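A.B. asks: Okay, predicted coordinates and the sequence, questions at the end:
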Amino acid sequence: MAAMSTILLESTLTCPECGRKHTETMPTDACQWFYDCTHCGALLKPKAGDCCVFCSYGDLPCPPIQAEGKGGGCCAAH
């Protein structure tokens, strides 16, 4: 069981196409599978093995991963 810690809800996504960074608030009740870069319009999708765009391109992983570790995730079977 993971130690109790503060869950951060803002993550800065970095577009792999143009390198632009944009801070977004992460949802706590759903996965975010897609994100449109606000600069170049690239459609970001999770990398293989990641549950959402925040886990792939963010400076912080999604809230469930922060709380439960890599095996948790917002898309993990419960």
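C.D. replies: Noted; the coordinates are in hand.
A.B. asks: And the contacts of stretch 17-34?
C.D. replies: Stretch 17-34 has contacts (CB atoms under 8 Å, 6 or more residues apart in numbering) with 7, 9-15, 35, 37-40, 42-46, 51-54, 58, 60, 62-63, 74-75. Quick note: C-beta positions are derived from backbone N, CA and C, even for glycine.
A.B. asks: contacting residues around Val53?
C.D. replies: Neighbouring residues of Val53 by CB under 8 Å, 6+ apart: 13, 32-35, 44-46.
A.B. asks: Determine which two of those residues are furthest apart.
C.D. replies: Leu13 and Trp33 (13.2 Å; CB to CB).
A.B. asks: Among the two, which residue is more densely surrounded?
C.D. replies: Per other CB atoms under 10 Å, whichever of Leu13 and Trp33 has more neighbours is Leu13, with 22 against 14.
A.B. asks: tell me the pLDDT at that one?
C.D. replies: Turning to Leu13, the model gives it a pLDDT of 98.
A.B. asks: So it: helix, strand or coil?
C.D. replies: In three-state terms, and counting by DSSP: H, G, I helix; E, B strand; the rest coil, Leu13 is strand.
A.B. asks: How about it: which residues does it bridge to?
C.D. replies: Beta bridges link Leu13 to His22, Gly58, judged by DSSP bridges.
A.B. asks: taking the contacts of stretch 17-34 one by one, which sit in helices?
C.D. replies: If you go by DSSP state H, the contacts of stretch 17-34 have 53-54, 63 in helices.
A.B. asks: Let's have those residues in JSON lines, adding distance to Pro27 and pLDDT.
C.D. replies: Shown next, in JSON lines, are the ones in helices among the contacts of stretch 17-34 (distance: CB to CB, whole Å; pLDDT from 0 to 100):
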{"residue": "Val53", "distance to Pro27": "11", "pLDDT": "96"}
{"residue": "Phe54", "distance to Pro27": "9", "pLDDT": "95"}
{"residue": "Pro63", "distance to Pro27": "8", "pLDDT": "90"}
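A.B. asks: Tabulate these (CSV), appending distance to His22.
C.D. replies: Shown next, in CSV, are the ones in helices among the contacts of stretch 17-34 (distance: CB to CB, whole Å):
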residue, distance to His22
Val53, 11
Phe54, 12
Pro63, 18
